Each structure stands twice: as C-alpha cells, then as structure tokens.
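S.K.: My questions concern the predicted model and sequence given below.
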Amino acid sequence: MLYLPQDLPAAATLGAQTFPLQDWQQVSSVKRVLFLNLMPQKQVTESDIARTLHDTGENVQLIPLKIRGQRYKTTPQAYVEQFYLDFEEIAAFCFDRLIITGAPVEQIPFEEVRYWDALCHIMDWADRQVERILYICWGAQAGLYHHYRIPKYDLPAKCFGIFAQTVHCPDSFLMESLTPAFAMPNSRHTEVRRADILAHASEGLQLVADSPESGVGVVATTDGSRTFIVGHLEYEPYTLDKEYRRDLAKGLPIQPPLHYYNKEHEVDFVWHEAAVRFYRNWVR
C-alpha cells in the first residue's frame, strides 16, 4: 500500500491511502520514504515516483520535502507550500529511505547551484539519519561529487534513449531479478566516468551496472546505504517522446531517442518491469 499526502493529485490517480502532511508520524507499519523533489514540474516527478513505488506492492509512505526559502517558476508556490514539508520539520527524526531527484542544472558547476550548500547539508544529515539514500540523475552526480569529489563531464551530444545496462554486481540486493541486464531511460547532457568510480573502490564504491553506449548506470556502496542511478527508471512511457517534441519545437539540436520507438514508431515500455524490481529491491 502507498500512502501519499492528502489531496496530492497522484493519490487520486493511484487510489492510494492519504495522510495529513503535518501528521506524517501517525501512519504506522510502513517504510517512510522522504522525497526531495528538485525538478521544476513537481507534479510530473511526484507521479512518476509515486506510481513506481505503488507498483512495487510494498507498504510505503512518501513524504515530500523542500528546501526552505526556494521560489519556484514552473510549479505554483502555493502548491509546494501545501504538499511539501521544509527539511527542518523532519530533521530531528530517523527515516528508512530518502530519494533525491535530478534537477535541470547539470551544466552549471555544482557550487554555483543556488541551493548547493543546503543540499550538501541534507546529504550529510541523511548519512546519519536515513538507512538508504537513492540519488537520481543530476542528484546522483551531485552525491558522487559531494561524497567522493567525482566530477561530471559535458557530453558532445545529449545522452537520450533507452539503453541496456549490464549488471556487474549480480550479488547486490539492488540487482535481484535484474541480471544479466535491464533497460533504463537516460536523458542528460553530462556524465560520470567508470575510471573515476573504480578509483574509489577502496571506499566501498561499486560500479553496479553500466552500458557501452550510455556509460555508468548504477553505482552503490557495498553496504547499500548510498545508491546513485544516472538514468530514470521511474519515467512513464511517453516522457522521452514529450522531451523530443519539446526540443524540436524549441529548435534545439536533438536526435530521436535511441532504442525507444518500435518499427511502427510507437513506444515500447520495456523498462517498466525493471523499474518495479529495482525500487522493490531498494525499498525492501
């Protein structure tokens, strides 16, 4: 069962149970998953994450978080104030899980991102107060940079499409039922590199899965406390199609997403089962 804040649009769509946001502690016998949503279109990312967690069949309570003092252009400020808690409101407690999303700032140096200091504070706090943290896309790059000083590199062209990820750590709990390979959407202008990941093996960092085409896919610590995923298993079927059409309309240099459309130019949702299995493994 999935529990979402009362009146959150995704709750009605998924038929989820709800709770008053300020009373999050009243829900019992669930994994409490904090959700630091850094994406501009909050509702889209909420729906993606909520749907994926719902499909795992696990008992999960999703608690949306925000960084105090931030102002939003794409999502109404009143919406964020209604459905998101300030980090400070939960900082005194311990939690089962934390998800840190990507953000459309990947080509800006980390230290120049306006909320960088606050994000670093949350990442350090999470190491003490949260059992497992999942960093997604730019969030993964930010986590790798903050914890290990692993840099990101600009790509000559956008990494865009569905790419098969080869599993290198089949014994990892994250990869249960995902070996030997699984499909994962990618949509990014930057990358982290294998050599930089492997250089930190002595610190317990593992290259869990990667692709010859899209590079590093999943990185994790040996104890499972930190997981970094540069792709978007949570995407719904038509997200890449919408991004492609959006960039075309803006006149941006963009090629059709690779390995995404079938021969009839329709979308195959080939990563859905992998997404459910990955998130179920991570939540459990």
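M.R.: Perfect, thanks for sending it. Numbers count the residues shown, from 1 in each chain.
S.K.: and after the lengthiest strand in the chain, which helix or strand comes next?
M.R.: Longest strand of the chain, by residue count under DSSP state E: strand 153-167. Next helix or strand after strand 153-167 toward the C-terminus (DSSP states H and E): strand 181-191.
S.K.: Would you mind listing the buried residues in stretch 246-260?
M.R.: 254, 257, 260 (16 or more other C-beta atoms under 10 Å). Every C-beta, even on glycine, is put in place using the N, C-alpha and C of the backbone.
S.K.: ok, now stretch 120-135?
M.R.: Those would be 120, 122-123, 126, 129-130, 132-135, for stretch 120-135 by 16+ other C-beta under 10 Å.
S.K.: okay, those residues in a markdown table with secondary structure, distance to residue 166 and pLDDT next?
M.R.: Shown next, in a markdown table, are the buried residues of stretch 120-135 (DSSP: H, G, I helix; E, B strand; the rest coil; distance: C-beta to C-beta, whole Å; pLDDT from 0 to 100):
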| residue | secondary structure | distance to residue 166 | pLDDT |
| --- | --- | --- | --- |
| 120 | helix | 32 | 98 |
| 122 | helix | 32 | 98 |
| 123 | helix | 28 | 98 |
| 126 | helix | 29 | 98 |
| 129 | helix | 34 | 98 |
| 130 | strand | 29 | 98 |
| 132 | strand | 23 | 98 |
| 133 | strand | 24 | 98 |
| 134 | strand | 20 | 98 |
| 135 | strand | 21 | 98 |
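S.K.: right, and the pair among these with maximum separation?
M.R.: 120 and 132 (18.9 Å; C-beta to C-beta).
S.K.: Give the residue spans of the stretch 101-250 of the chain that score low on pLDDT.
M.R.: Scanning the stretch 101-250 of the chain for pLDDT under 70 picks out nothing.
S.K.: Which pLDDT value does the model give residue 71?
M.R.: Per-residue confidence (pLDDT) for residue 71: 89.
S.K.: Angles on the backbone of it, please.
M.R.: phi -120, psi 150 (degrees, to the nearest 10).
S.K.: Could you tell me how many residues sit around it?
M.R.: Residue 71 has 7 neighbouring residues, counting by other C-beta atoms under 10 Å.
S.K.: The nearest residue to residue 225 once chain neighbours are set aside: what's it in contact with?
M.R.: Nearest non-adjacent residue to residue 225, counting by C-beta to C-beta, 6 or more residues apart in numbering: residue 132, 5.8 Å away. Residues in contact with residue 132 (C-beta atoms under 8 Å, 6 or more residues apart in numbering) are 96-98, 224-227, 282.
S.K.: From those residues, list just the buried residues.
M.R.: Buried subset of the contacts of residue 132 (neighbour count, 16+ other C-beta under 10 Å): 97-98, 226-227, 282.
S.K.: ok, those residues vs residue 68, which is closest?
M.R.: The closest of the buried ones among the contacts of residue 132, once distances to residue 68 are taken by C-beta to C-beta, is residue 98, at 16.8 Å.
S.K.: Brilliant, that's me finished.
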